[in-house]
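Novice: need a 3D model of the following:
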Amino acid sequence: MQQSFNTARIVTVVAGVLGVAASVYLIKSNESQLWDAFNSLLGLMGGPMTGLFMLGIFVRRANAGSALCGVIAAVGAVLIVRGFTDLNFFFYGVIGTLMVVVVGFITAPLFKNKSAEELALVTE
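Specialist: I've put the predicted structure just below:
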């Protein structure tokens with residue numbers, strides 16, 4: 001157990017140092033294209049992730065199938081917006097989040113929720 005904690009601490013420190021080094025590089029290099037690409041990628045992945053949390057919190061009937069449909073729709077929508085519009089990359093996260101929640105809400109009745117007995121078998 002202690003070995004796992006030590007490994008986790010080392011990984012956390014290394015990831016932190018690499019993150020700080022990458023940030024310093026981006027600031028010092030003044031590469032706007034690299035920064036824009038990073039923010040686009042962050043919006044592409046961060047929006048659907050936030051949408052998954054919101055879907056799980058606010059939509060009681062949401063399930064894995066509706067969440068998957070929402071994520072696929074969100075990634076597709078963000079890629080379309082990125083490719084065919086001049087919309088600022090700061091909106092990619094908002095679009096991704098809203099798409100996951102809306103599509104997940106709409107498609108939730110199409111997928112069967114697991115019963116309490118089925119869930120008990122999986123969690124035991």
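Novice: can you check the pLDDT for the spatially closest residue to residue 34 that is not a sequence neighbour?
Specialist: Once flanking residues are discounted, residue 34 sits nearest to residue 26: 6.4 Å by C-beta to C-beta, 6 or more residues apart in numbering. For glycine as for every other residue, the C-beta is placed from the backbone atoms N, C-alpha and C. Listed pLDDT for residue 26 reads 76.
Novice: tell me the helix or strand right after the strand or helix carrying residue 26.
Specialist: Using DSSP states H and E, the element containing residue 26 is helix 2-29. Of the helices and strands lying after helix 2-29 in sequence (DSSP H and E), the nearest is helix 32-58.
Novice: ok and that next one relative to helix 2-29, angle-wise?
Specialist: On the basis of axes from the mean of the first three to the mean of the last three C-alpha atoms, to 10 degrees, helix 32-58 is oriented at 140 degrees to helix 2-29.
Novice: starting at the chain centroid, how far to helix 32-58?
Specialist: Averaging C-alpha positions (C-alpha atoms, centre = their mean, to the nearest Å) puts helix 32-58 5 Å from its chain's average.
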